[in-house]
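A.B. asks: Got a sequence here, can you model it:
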Amino acid sequence: MLEYVNQLWQTFLNRPDFWAVLSIIPVTAFVTWAHVWMALKMVFYPISFWGFHLGPIPVGWQGIVPRKAGRISGIITDNTLSKLGSLREFLNAMDPEDMARIIGEQVGFELEHLIDEVMLDRNAVLWENLPYSIKRRIYAQAHKQLPGVLRELVTELTLNVESLVDMREMVVSQMEGDRRLMVRMFLKVGQKEINFIWHISALIGMFFGIFQMIVWFLVPWHWTVPFWAAIWGFLTNWIAIWMVFNPVEPHYVKYPQFFKLTENRQFPWIKPVIPRIGTYNIQGAFMKRQEEVSDVFATVVTEDLITLKSIMTEMMYGSKKDK
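C.D. replies: Reported below is the predicted structural model:
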């Protein structure tokens, strides 16, 4: 057996295209790494459609996430946010003084316009013929009474927010209005997994490159290169994404450990240790980070999505604004 392997190796060394065949491995690794990088970028960018239209047919590209921002945000709301808590629970966790201040800012900008709107609806002739100086006194009196009204409003708002604001519609309208917010949210939550897919693809590509080299050595037909390259491209993406989420549960395995990663993954990245038995958790990259991901997602939700400002904006301008 060893003699046969040695004979194959010598035959391989004596080939005139030895270096060309050997280059298949690094080329496959690099091309795989590059095409996965490009594919990941195309998921998020460009934010707006880039290209032109031939009649009704668009010719160009827009990132998948910003293009489907409305649909994705609806799924996030239905499957995640609505299960984390109701808008009333979110409001109960907020500071009443901050609520009154932000509501005051929202209402204060619109107060005079709202008074005009109400008066024109109730008694347009009287309001149109009223001297402006008297209108100014009415505006001033309304601004003076606003803080007292807001204290009552905060309590009533907390009790009745579900009938005044549709959380799903609020989140969807935010995401569609600011598609960068959707991209930013995905990148904040999943940046480490995106980097994992990108980097692991080079290793997977190198492994497939070895297989491709053996195929070319045995069957040197030119059509095999694009044929297998297409298969490797598909399998690389599938395997990398599968490794992000699987296995779901942790599986601990023992192994002889001679090195360990340096702190903060600084160069030279690994350092020798006293030989020992180490433990490695075989689990999906995303699943390993559940606690960290939860913290990041909670920060994104409370700082960008479900804020008092967004709730008040939806209340003042959303589909239920008449209430």
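A.B. asks: residues contacting the residue positioned nearest the centre of the chain?
C.D. replies: By C-alpha atoms, centre = their mean, the chain has its centre lying nearest to residue 186, at 0.9 Å. Going by C-beta atoms under 8 Å, 6 or more residues apart in numbering, residue 186 touches 44, 65. Every C-beta, even on glycine, is put in place using the N, C-alpha and C of the backbone.
A.B. asks: Quick check: it vs residue 297, distance?
C.D. replies: Distance, residue 186 to residue 297, using C-beta to C-beta, to the nearest Å: 11 Å.
A.B. asks: How about residue 253?
C.D. replies: Look at residue 253 and residue 297: by C-beta to C-beta, they are 29 Å apart.
A.B. asks: Over to residue 128?
C.D. replies: 52 Å.
A.B. asks: between these two, which one's more packed in?
C.D. replies: Set side by side, residue 128 and residue 297 show more neighbours around residue 297, with 19 against 10, by other C-beta atoms under 10 Å.
A.B. asks: Need the pLDDT of the residue nearest to that one when sequence neighbours are not counted.
C.D. replies: Nearest non-adjacent residue to residue 297, counting by C-beta to C-beta, 6 or more residues apart in numbering: residue 189, 5.4 Å away. Note for residue 189: predicted pLDDT of 76.
A.B. asks: pretty sure residue 189 contacts residue 293?
C.D. replies: Yes: judged on C-beta atoms under 8 Å, residue 189 makes contact with residue 293 at a distance of 6.0 Å.
A.B. asks: list the buried ones in the strand or helix carrying residue 74?
C.D. replies: Remark: residue 74 resides in helix 69-76, with elements defined by DSSP states H and E. Using 16 or more other C-beta atoms under 10 Å as the test for burial, helix 69-76 gives 69, 70, 72, 73, 74, 76.
A.B. asks: Quick one: end-to-end distance for stretch 262-280.
C.D. replies: This stretch, stretch 262-280, spans 16 Å end to end (C-alpha to C-alpha, to the nearest Å).
A.B. asks: Could you check how far residue 126 is from residue 283?
C.D. replies: In terms of C-beta to C-beta, residue 126 sits 72 Å off from residue 283.
A.B. asks: If you could redo that for residue 115, that was the one I meant.
C.D. replies: For residue 115, the distance to residue 283 - C-beta to C-beta - is 60 Å.
A.B. asks: More neighbours: those two, which one.
C.D. replies: residue 283 (19 against 15).
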